[in-house]
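> Structure for this input, please:
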Amino acid sequence: MENEDNPQPLLLGIDQEGGDVSRLPKEIIHIPTNQEIGARNNSQFSYEIGTLLGKELNAFGFNLNFAPVLDVNSNPNNPVIGDRSFSNDTDVVSKLGIKTMKGIQSQNVISVIKHFPGHGDTSVDSHLNLPVVDKSLEQLDELELLPFKEAIDNGADAVMIAHLLLPKIDGKFPSSMSKKVITDILREQLAFDGVVISDDMTMNAITNNYDMKEAAVESVLAGSDIILVAHDYNKIIATVDALKQAVIKGEISEDRINESVRRIIGLKNKYTIRDKKVKSIDIETLNQFIRNILNQYFE
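Numbering: from 1, shown residues only. Okay, the predicted model is just below:
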């Protein structure tokens, strides 16, 4: 229901990265993969790709994009990142990722950088099982964390946390449930006070190893502001109920909830989010924007 005066309008998010990770109708012209964009290594092109992604989301009524990917493609056997990464070079990933982020933001769409603390050196797809990254914090500082640090320093509003087990940092919980990763590294070391969103809690990395409701509670305790449950309405309701019960029982303090509420409301206000129904979508105008940009850089 349309309600432009709703004081707390909805965040409506989508994975619209370009390449194979495109959730919009097939009538929309295909946007190149980040790998193809990285091969051109052109900052202005990356910015304009970001603006295209933002225009697409605006046209369909979305206000939040789970993009860009800031993972460094350091493991050629990685089954889940691959051409979703700009490069195996941290400088290229940082430069182009930040430009894409800025392009998305320029269209008044929230950009969520992902997958913190870095999904590029994994040999397991977290949709299928829990990847293990056997790296120390010092090693992450030298590679995986660099693009995230740069993006945070350049105005990142939101960060998605990956489902990764980093035994040298936290041997008990994966990064999406780890206070050592979310609070100690992201919040304190990288000084990020924006919105933290978990990756989808229905992925097998979580459901094969943890009770999803308990995982959601642990994620909030670790510092997450939003728990992403992307599939199954009943699982969404169960997760909300588990979080409510954790507050009632005193497991999660009201202060911890209020921290997240402050960040989420602040983000909505920054982007003047409104609940507004999309009345029509001009596919041809949208496609012409895309053609103009692609023709300029792919001729």
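> Give me the helices and strands touching the lengthiest strand in the chain, please.
Longest strand of the chain, by residue count under DSSP state E: strand 110-116. Counting by 3 or more C-beta pairs under 8 Å, 6 or more residues apart in numbering; DSSP states H and E, the packing neighbours recorded for strand 110-116 are strand 64-65, helix 90-106, helix 145-153, strand 158-161. No exception for glycine: its C-beta is placed from N, CA and C like everyone else's.
> okay if I get the ones you listed as a markdown table plus mean neighbour count?
Formatted as a markdown table, the helices and strands packed on strand 110-116 follow (neighbours: other C-beta atoms under 10 Å):
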| stretch | mean neighbour count |
| --- | --- |
| strand 64-65 | 26 |
| helix 90-106 | 23 |
| helix 145-153 | 22 |
| strand 158-161 | 26 |
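> For residue 47, what is the enclosing helix or strand?
Per DSSP states H and E, residue 47 falls inside helix 43-60.
> Now do that helix against strand 110-116: the angle between them, please.
Angle, helix 43-60 to strand 110-116, by axes from the mean of the first three to the mean of the last three C-alpha atoms, to 10 degrees: 120 degrees.
> ok, and what's touching the longest strand of the chain?
Where contact means C-beta atoms under 8 Å, 6 or more residues apart in numbering, the residues beyond strand 110-116 that reach it are 11, 13, 50, 63-71, 97, 100-101, 104-105, 148, 151, 156-162, 164, 175, 181, 186, 197, 199, 267, 271.
> Low-confidence regions, this protein specifically.
1-6, 79, 123-128, 299 (pLDDT under 70).
> Recalculate using a threshold of 90.
Filtered on pLDDT under 90, the chain yields the residue ranges 1-8, 74-82, 119-132, 204-205, 231, 276-277, 279, 297-299.
> hang on, isn't residue 217 packed against residue 252?
Yes - using C-beta atoms under 8 Å, residue 217 is in contact with residue 252, at 6.6 Å.
> who's more crowded, the two?
residue 217 (22 against 19; other C-beta atoms under 10 Å).
> Which helix or strand contains the more buried one?
Under the assignment here (DSSP H and E), residue 217 is part of helix 212-222.
> Could you do residue 238 as well?
Using DSSP H and E, residue 238 sits in helix 233-248.
> Quick check: buried residues in the helix holding residue 217?
For helix 212-222, the neighbour count (16 or more other C-beta atoms under 10 Å) marks 212, 213, 215, 216, 217, 218, 219, 220, 221, 222 as buried.
> Contacts for that helix next, please.
Contacts to helix 212-222, defined as C-beta under 8 Å, 6+ apart, come from residues 161, 173, 176-179, 181-183, 198, 201-202, 206, 210, 227, 229, 235, 238-239, 241-243, 246, 251-252, 256-257, 260.
> and if we set it to 7 Å?
With contacts defined as C-beta atoms under 7 Å, 6 or more residues apart in numbering, helix 212-222 is touched by 173, 176-179, 182-183, 198, 201-202, 206, 227, 235, 238-239, 242-243, 246, 251-252, 256.
> Just to be sure, which of those residues are found in helices?
179, 206, 235, 238, 239, 242, 243, 246, 256 (DSSP state H).
> how many other residues sit next to the last one?
Right, the one you point to is residue 256. Other residues near residue 256 come to 15 when the count uses other C-beta under 10 Å.
> And the fifth one, by the same measure?
Other residues lying near residue 239 total 22 when counted by other C-beta under 10 Å.
> again with the first one
A count of nearby residues for residue 179, using other C-beta under 10 Å, gives 16.
> Could you do the third one as well?
When counting by other C-beta under 10 Å, one arrives at 17 neighbours for residue 235.
> For the residue lying closest to it once chain neighbours are set aside, what are phi and psi?
In this structure, residue 235 finds its nearest non-sequential neighbour in residue 229, 5.5 Å apart by C-beta to C-beta, 6 or more residues apart in numbering. For residue 229, the backbone dihedrals (degrees, to the nearest 10) come out as phi -120, psi 100.
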